[in-house]
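*Asks:* Requesting a structural model of the entry that follows:
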Amino acid sequence: MLTAERRAAISAYLQQAEAPVSASALAAKFAVSRQIIVGDIAVLRASGQDITATPRGYVITSAPTGILRTVACRHSSKELETELQTIVDMGCSVLDVIVEHPVYGQISGRLDLSSRYDIQQFMHRCGSVSAHPLSGLTNGIHLHTLSCPDEQAYQHVCEALDKLGILLKDE
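*Replies:* Next comes the predicted model:
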């Protein structure tokens, strides 16, 4: 298969995928190295394709359903799982995490967490590669963009995070 054909096939495969696809899985499917896939994805992105790398693999980003809201939070790394579970248990999805870095400015990471299973996979990945959350760069302060089914679900998230002492509020 020629490089251009493989890249077109990768793009088509990702568009049909119902879940994130890892670089290793794509490498096995197309009988190339993981590094070749990483390069192919970079070229596809540079050509304008909206491919996002998530902790679980690559996805073609689709428009979130519901309403988008942002929450400001502060917590220790020990409270990370509780924070994420609280949000998804209220019916919302955690699309990303954003921190303000003193040198780089705003840094964000795509999460796309919609269930406890997603969170379990995310936490496992963090532990397996000894990675620290981005909020570790900012003493626990960070933002999340949420996709919520409605305003009431968002309000429930805010109330629950406030009760846990995680919601960062104007005071």
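
*Asks:* Please make it C-alpha for all contacts and neighbour counts, starting now.
*Replies:* Noted.

*Asks:* Do I have it right that residue 148 meets residue 154?
*Replies:* Yes. If you go by C-alpha atoms under 8 Å, residue 148 and residue 154 touch, sitting 6.0 Å apart.

*Asks:* hey, what's in contact with both of the two?
*Replies:* By C-alpha atoms under 8 Å, 6 or more residues apart in numbering, residue 148 and residue 154 have these common neighbours: 69, 92.

*Asks:* Residues contacting the helix or strand of the chain with the lowest mean pLDDT, please?
*Replies:* Counting by mean pLDDT, DSSP states H and E, the chain has its least confident helix or strand at strand 51-54, which shows a mean of 84. Residues from elsewhere that reach strand 51-54 (C-alpha under 8 Å, 6+ apart): 20, 41, 44, 45, 58, 59, 60, 61, 109, 110, 111, 112.

*Asks:* Okay, and the beta partners of residue 94?
*Replies:* residue 113, residue 146 (DSSP bridges).

*Asks:* List the contacts of it.
*Replies:* Here residue 94 is in contact with 84, 87, 88, 111, 112, 113, 114, 144, 145, 146, 147 (C-alpha under 8 Å, 6+ apart).

*Asks:* if I look at residue 88, how far off is residue 120?
*Replies:* Distance check for residue 88 against residue 120: by C-alpha to C-alpha, to the nearest Å, it reads 12 Å.

*Asks:* the more surrounded of those two?
*Replies:* Of the pair residue 88 and residue 120, residue 88 is the one with more neighbours under other C-alpha atoms under 10 Å, namely 21 against 14.

*Asks:* quick one: average confidence on the one helix or strand the more buried one maps to?
*Replies:* Per DSSP states H and E: residue 88 is located in helix 80-89. Confidence for helix 80-89, expressed as mean pLDDT, is 96.

*Asks:* Ignoring the adjacent residues along the chain, who's closest to residue 23?
*Replies:* Counting by C-alpha to C-alpha, 6 or more residues apart in numbering, residue 23 lies nearest to residue 34, which is 5.6 Å off, once chain neighbours are set aside.

*Asks:* quick one on the thing from earlier: specify the next element, helix or strand, located C-terminal of the least confident helix or strand of the chain.
*Replies:* Next element after strand 51-54 (DSSP H and E): strand 57-60.
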